[in-house]
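Student: Need the 3D shape of this:
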Amino acid sequence: MLTARFSRPPSQLPRKTLNFSDRVNGARGSLLFHSASFVPVDRRTYAASVNPVGSKAVLVTGFDSGFGFSLAKHLHSEGFLVFAGYLMKVRDGSGLVNNAGISMFGDVEFTSMEPTYKEVAEVNLWGTVRGTKSFLPLIQRATGCAVSVSSRLGRMAHAAGPPYCITRFGVEAFSDCLRYEVHPLGGKVGVVEPGNFNATTSLYGAERIQAIANKMWDELPEGVRKDYGRKYFDERVAKMETYCNSGSTDTSPVIRAVTHTLTSATPYTRYHPMNHYCWVRMRITTHLPGAISDRIYIH
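Tutor: The predicted structure is shown next:
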C-alpha cells in the first residue's frame, strides 16, 4: 500500500491554480494544486522472501560500474552464486539482472541516428532482449526470476532525453510481455525503476557532459544551429549538468529492490526507488490526463 504524509498542513502549502474551460458549453473552472512538499510513505513490506542458498545462481550484467558492482557484492553476501559481466553458461540459472545501460542527452534535432540512437538502443534495449532470450531457458527450468533495471524515464519522458527514454520504455514493454508469458509456467519478472542516481552511476561527469556537448554542437547542421542558437543550446547543457549533480548517492534502495525481486516468492511487478519529487511527478504523469501534467511541468 502506498500512502502520502504531508509535512505541513495543506493550508500552509504553496499553491498553483490550473484554469480550464469547456469548449462545448463555455463553462469555466479551476483546479487548485498544492506543491509536492509531502513525503511519500512506502508501506510495502518486503515479505514472502525465501532464503537463497549457494546453488542459486544469478547473472548480473553491467558489472563494471553503477549499480552492478554493488549489487553483485550484495547478492554474493546473501548466498547467491553470482556471475557478473558477460553472459556465460551456468548450471542452474535461478535469476538474471539486466543492469547494463548507457545514456546520452540532447534534443531530437541535436542527436544523430548513428551513433547516438543506435548505440544507446544496442545496450539498453537489444542487450536486455538478447540477454533475456539467452538465459530464459535456464530461468524457466529453475522457475527463477528475470529482473530489469529500467528507470523512471521508462514511465515518463522528458526533454533532452529521447535516445535514453525510448529504450527504457521499450524495456518496460518487453518486461510486461515476458511477465505475461512466463507466469503460467511459474516464472517471475520484475522491473526496478530508479530515480536520479547519476551521482553514483557515473554515467555523466562534468567533463564528459562538456565533451559530448562540444562534439554535438560541432556536428550540428548549420541550419539547426541558426534555428536554435548557441544560447539555447548552452542552457540545455547547463540543465543537464544541474540534473546530474543533484542525484542521490545512496544506492541501497535499488539494491534492496533487486534483491527482493530475486528472493521473493511473489515479487512486485515494479519497484520505485526514487526521491520524493520523482515519486510524485511519475504518478502525476502516469495517472492524470496529459493536458494536466503538461500544464504543471511544461507550460
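
Student: Please work out how many residues are found near residue 141.
Tutor: The number of residues packed near residue 141 is 13, by other Cβ atoms under 10 Å. From N, CA and C alone the C-beta is placed, and that goes for glycine too.

Student: err, residue 265, not the other one
Tutor: The local packing of residue 265 (other Cβ under 10 Å) involves 9 other residues.

Student: List phi and psi for it.
Tutor: Backbone geometry at residue 265, expressed as degrees, to the nearest 10, gives phi -70, psi -30.

Student: before we move on, what about residue 167?
Tutor: Backbone geometry at residue 167, expressed as degrees, to the nearest 10, gives phi -70, psi -40.

Student: and it, how many neighbours?
Tutor: Residue 167 has 28 nearby residues by other Cβ under 10 Å.

Student: Isn't it up against residue 122?
Tutor: No: in terms of Cβ atoms under 8 Å, residue 167 does not count as a neighbour of residue 122; the distance is 9.2 Å.

Student: What ranges does the stretch 1-150 of the chain have for its helices?
Tutor: If you assign secondary structure with DSSP state H, counting those that start in this stretch, the helices in the stretch 1-150 of the chain sit at 67-77, 118-124, 126-141.

Student: lowest-confidence stretch among those?
Tutor: Summarising mean pLDDT across those, the least confident stretch is helix 67-77, with a mean of 79.

Student: residues in contact with residue 247?
Tutor: The neighbours of residue 247, taking Cβ atoms under 8 Å, 6 or more residues apart in numbering as the test, are 195, 196, 197, 198, 199, 200.

Student: From the chain's centroid, how far away is the helix or strand hosting residue 257?
Tutor: With elements delineated by DSSP states H and E, residue 257 resides in helix 252-263, which encompasses its position. Relative to its parent chain, helix 252-263 has a centroid offset of 14 Å by Cα atoms, centre = their mean, to the nearest Å.

Student: Now do the helix or strand following it: everything it contacts.
Tutor: Towards the C-terminus, the helix or strand next in line after helix 252-263, according to DSSP H and E, is strand 270-271. Outside of strand 270-271, the residues that reach it under the criterion Cβ under 8 Å, 6+ apart are 190, 191, 192, 193, 257, 258, 260, 261.

Student: Now do the helices in the stretch 151-299 of the chain.
Tutor: So, for the stretch 151-299 of the chain - with DSSP H, counting those that start in this stretch - the helices run 162-182, 198-201, 206-219, 222-245, 252-263, 276-287, 290-297.
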